[in-house]
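[1] Provide a 3D model corresponding to the input given below.
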Amino acid sequence: NPVCILESPSKAVLSSKEATPVAQNEVQVLESLDDLPPLPEPPSPLPELADKVRDTLPPQKPELKVKRVMRPRGIALTWNITKINPKCAPVESYHIFLCHENSDNKLIWRKIGEIKALPLPMACTLSQFLTSNRYYFTIQSKDIFGRYGPFCDIKGIPGFSDDLS
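    Take a look at the predicted model:
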């Protein structure tokens with residue numbers, strides 16, 4: 001059972017058992033993000049929180065960067081919010097989503113991790129990927145009131161080939 005290792009800059013490590021093999025043998029490389037399925041809908045906020053959140057805004061859209069790392073082999077995600085709006089409620093956690101093919105060769109979005117919010121910028125490294133595939137990632141913030149912000153812009157990255165050292 002593969003394990004997704006998420007590392008923050010402060011070296012806190014979360015091992016998530018939610019991770020699954022991210023792809024089967026051959027994956028078609030998409031020419032455009034338009035070919036991706038729609039992002040999942042976040043849960044609705046609880047109605048009883050309406051009075052508590054009146055003076056705050058939901059979380060802002062994070063800015064995501066994705067790159068491959070060789071040692072250990074994996075994909076590094078880093079995210080930040082360059083201009084923080086003080087009217088936004090504090091972020092409680094960040095939810096990481098991956099788009100990959102399921103066993104029916106259909107592209108699906110899957111939540112692969114949730115990281116407790118630490119001071120920005122934040123980063124994590126994902127490992128246990130199969131070779132020769134392309135992966136798509138997005139991140140969504142959840143505030144202390146349970147509201148979800150917008151997904152960041154989707155970032156795609158090629159997987160690893162066997163000839164990479």
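[2] ok, residue 78 to residue 96 distance?
    Separation of residue 78 from residue 96 (C-beta to C-beta, to the nearest Å) stands at 12 Å. Quick note: C-beta positions are derived from backbone N, CA and C, even for glycine.
[3] for these two, indicate the residue with more neighbours.
    residue 96 (22 against 17; other C-beta atoms under 10 Å).
[4] what values do phi and psi take at that one?
    phi -100, psi 130 (degrees, to the nearest 10).
[5] report pLDDT for the closest residue to it other than its chain neighbours.
    Take residue 96 and drop its neighbours on the chain: the residue closest to it by C-beta to C-beta, 6 or more residues apart in numbering is residue 113, 4.4 Å away. If you check residue 113, the pLDDT there is 89.
[6] lowest-pLDDT helix or strand in the protein?
    One helix or strand of the chain scores below all others by mean pLDDT, DSSP states H and E: strand 13-16, with a mean of 38.
[7] after that one, which helix or strand is next?
    strand 63-70 (DSSP states H and E).
[8] list the helices and strands the helix or strand just after that following strand packs on?
    As assigned by DSSP H and E, the chain's next helix or strand after strand 63-70 is strand 73-80. Under the contact criterion of 3 or more C-beta pairs under 8 Å, 6 or more residues apart in numbering; DSSP states H and E, strand 73-80 touches strand 63-70, strand 122-126, strand 134-143.
[9] which residues does strand 73-80 contact?
    5, 62-69, 94, 96, 120-129, 135, 137, 139, 152, 157, 160 (C-beta atoms under 8 Å, 6 or more residues apart in numbering).
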